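Asks: Test case, fold it:
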Amino acid sequence: MANGVTVWLTGLSGAGKTTLAERLLPELENRGHRVETLDGDVVRTHLSKGLGFSREDRDENIRRIAWVASLGTRHGATMIVSAISPYEETRTEARERIGDFVEVYVKCSLDRLIERDTKGLYKRALSGEIKNFTGISDPYEEPRDPEIVVETDTESVEASVTKILEGLEQAGYLASRSSEAS
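Replies: Residues are numbered from 1 along each chain as shown. Here you go, the predicted model:
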């Protein structure tokens, strides 16, 4: 059994974190990993209900996600976290708590996010209707040194998933396809 690991997908709202997590899950399961996902929106509904969007509440939400991810990782699971996690300091805390941690920056230009804004969130944030919206009226601190960067405004979902899988192989958390075949 491979070591557990947390694959932490961070990026702005609408960048593709949840889509990538949904595509990664079966790929990892097909390679024999026990996989759990922690989606930021789902966690806010269940584990972090009642938290707002202040810096303190956002940090607390990420700390809770990191605590759950650390439990799964410690017990050999591959945890896929898809959460905006806007602040570098709190992502670093998560990394330190979890240990086996691969940060994936799901990068997408703001122009592209506004263009593909299916929920109308960016439009509402730009008009001032939504306060403290990450990337508009609240900061998003880009990762300084992520293990993997996927650029969802220029790459297909399949190309991004492949890049993540290859990064996990290179880091030793996932057997390469060629070694699985032998």
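Asks: need the helices for this structure, in chain order.
Replies: Ranges of helices in the chain, per DSSP state H, are 17-30, 40-46, 55-74, 88-98, 110-115, 121-126, 157-170, 177-181.
Asks: closest to I80 out of these?
Replies: For the helices of the chain, the distance to I80 is smallest for helix 17-30, at 4.6 Å, taking CB to CB. Every C-beta, even on glycine, is put in place using the N, C-alpha and C of the backbone.
Asks: re earlier: of all the helices of the chain, which lies closest to W8?
Replies: Closest among the helices of the chain, using CB to CB: helix 88-98, at 6.6 Å.
Asks: picking that back up, okay, the helices of the chain in a markdown table with mean neighbour count, distance to I136 and mean pLDDT next?
Replies: Formatted as a markdown table, those follow (neighbours: other CB atoms under 10 Å; distance: least, CB to CB, whole Å; pLDDT from 0 to 100):
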| stretch | mean neighbour count | distance to I136 | mean pLDDT |
| --- | --- | --- | --- |
| helix 17-30 | 18 | 17 | 96 |
| helix 40-46 | 15 | 17 | 78 |
| helix 55-74 | 19 | 15 | 91 |
| helix 88-98 | 17 | 19 | 95 |
| helix 110-115 | 14 | 8 | 92 |
| helix 121-126 | 17 | 4 | 90 |
| helix 157-170 | 17 | 24 | 96 |
| helix 177-181 | 9 | 41 | 58 |
